[in-house]
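Engineer: Below are the sequence and a predicted model; questions follow.
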Amino acid sequence: METIKHNCGVAGIYSKSDVNIPERLFYPLFALQHRGQESCGIAYERNGAHVTYKDLGMVGQVLARYLGERHLAKAGIGHVRYSTQGSNTIENSQPIAIVCNKGNISLVHNGTISNSPVLRTELFGNGSIFQGTTDPELILHLIARSKQTAFPSALTDSLRRLEGAFNLIMMHDDSLVRGTTAKIIVSLLRENGAKEIHLRLSAPELRHPCYFGIDIPTRDELISANMPPDEVARHIGADSVGFLRLESLRECVSEPDNFCYACFSGQYPVEAKGWNRHGN
């Protein structure tokens, strides 16, 4: 049975002077471990080249070796992975480092490119070679194949072809997803003497899957897709549960039409091409 999970975690450091980049990347990646436990890795620049180290396993297992070593650099990136696309193999671990006609490029990625099946079919048909099955490879192929010669222009050209959410996507406890965490918190409050518990969420009811970055497989996983607020309250043990209205959420931002509300409303901004999600 599929469950709701975090996506990946990414970290980046840039320094004007040389610092021990691998050691400094260890700590934010360790703090992001909850977002991915399958593999982790880092890449940093040294003498004009990119040094990459990654492996299957947790941050403490894979990257602890750098705590006793000194590797001076000015820039580096790191990644912890939970697979939304592609199996758990070293080929799918990140960062992914390449040398192409646009220079040395190392990439870490979090989120979901919803039109990745279409892009992969196109690139494969045009002769592109893939080592793994993850979205970041698609981005690197698009950059390398771009007719723009300068890297910034090639990057912009490539990103315009992507659909979905592929930046840092965070899922907080300001929304109610399955009710698992809320049920535990309510129980703890009861044990510590709370006579009444009225839960108010600063987000609307999460009723629909997200294909653009948060891995929510089906509506069966979503408590608000299957229960009205009074039943949700009884299920988690609270006296009442209330949600922010979608209209009120839109009033909180200056340009409401520039945001996606699909997981609340079921109205998706773009079609998730090539996806075959089971469930509704």
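Structural biologist: Now that the structure is in, tell me what you want to look at.

Engineer: Now do the same for residue 51: helix, strand or coil?
Structural biologist: strand (DSSP: H, G, I helix; E, B strand; the rest coil).

Engineer: Then residue 44?
Structural biologist: Applying three-state DSSP: residue 44 is strand.

Engineer: Name the residues of stretch 35-49 that are buried.
Structural biologist: Buried residues in stretch 35-49, counted by 16 or more other CB atoms under 10 Å: 35, 36, 37, 38, 39, 40, 41, 42, 43, 44, 45. For glycine as for every other residue, the C-beta is placed from the backbone atoms N, C-alpha and C.

Engineer: which pair in those residues spans the largest distance?
Structural biologist: Across those, the longest distance by CB to CB is 27.3 Å; it joins 37 and 45.

Engineer: Need the nearest residue in space to residue 37, chain neighbours excluded.
Structural biologist: residue 58 (5.9 Å; CB to CB, 6 or more residues apart in numbering).

Engineer: where's the one you found relative to residue 35, distance?
Structural biologist: 12 Å (CB to CB, to the nearest Å).

Engineer: ok, back up a step: could you export the buried residues of stretch 35-49 as JSON lines, including distance to residue 248?
Structural biologist: Below are the buried residues of stretch 35-49 laid out as JSON lines (distance: CB to CB, whole Å):
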{"residue": "35", "distance to residue 248": "29"}
{"residue": "36", "distance to residue 248": "33"}
{"residue": "37", "distance to residue 248": "36"}
{"residue": "38", "distance to residue 248": "38"}
{"residue": "39", "distance to residue 248": "40"}
{"residue": "40", "distance to residue 248": "39"}
{"residue": "41", "distance to residue 248": "42"}
{"residue": "42", "distance to residue 248": "42"}
{"residue": "43", "distance to residue 248": "43"}
{"residue": "44", "distance to residue 248": "45"}
{"residue": "45", "distance to residue 248": "46"}
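
Engineer: Of those residues, just say which sits nearest to residue 161.
Structural biologist: Among those, and counting by CB to CB, the member closest to residue 161 is residue 43, at 24.0 Å.

Engineer: Quick one: residues contacting that closest one.
Structural biologist: By CB atoms under 8 Å, 6 or more residues apart in numbering, the contact set of residue 43 is 50, 51, 52, 53, 76, 77, 78, 95, 97, 106, 108.

Engineer: Around the second one, count how many other residues there are.
Structural biologist: Residue 51 has 17 neighbouring residues, counting by other CB atoms under 10 Å.

Engineer: give the contact list for the residue nearest to it when sequence neighbours are not counted.
Structural biologist: The spatially closest residue to residue 51, leaving aside those adjacent along the chain, is residue 44, at 5.6 Å (CB to CB, 6+ apart). With contact set as CB under 8 Å, 6+ apart, residue 44 has these partners: 21, 22, 25, 50, 51, 71, 73, 75, 76, 77.

Engineer: again, but for residue 15
Structural biologist: Contacts of residue 15 by CB under 8 Å, 6+ apart are 21, 74, 75.

Engineer: try it again with 7 Å
Structural biologist: Contacts for residue 15 (CB atoms under 7 Å, 6 or more residues apart in numbering) come out as residue 74.

Engineer: how much space between it and residue 75?
Structural biologist: Taking CB to CB, one finds residue 15 at 7 Å from residue 75.

Engineer: Same question for residue 25.
Structural biologist: Distance of residue 25 to residue 75, given as CB to CB: 10 Å.

Engineer: Settle it for me: which of these two has more neighbours?
Structural biologist: For residue 25 versus residue 75, the count of surrounding residues by other CB under 10 Å is larger for residue 25: 25 against 16.

Engineer: quick one on the thing from earlier: now the common contact residues for residue 25 and residue 75.
Structural biologist: Here residue 25 and residue 75 have residue 13 as joint contacts, going by CB under 7 Å, 6+ apart.

Engineer: what number of residues lie near the closest residue to residue 71 other than its chain neighbours?
Structural biologist: If the residues on either side of it in the chain are set aside, residue 71 comes closest to residue 22, at 5.0 Å by CB to CB, 6+ apart. Residue 22 has 24 neighbouring residues, counting by other CB under 10 Å.
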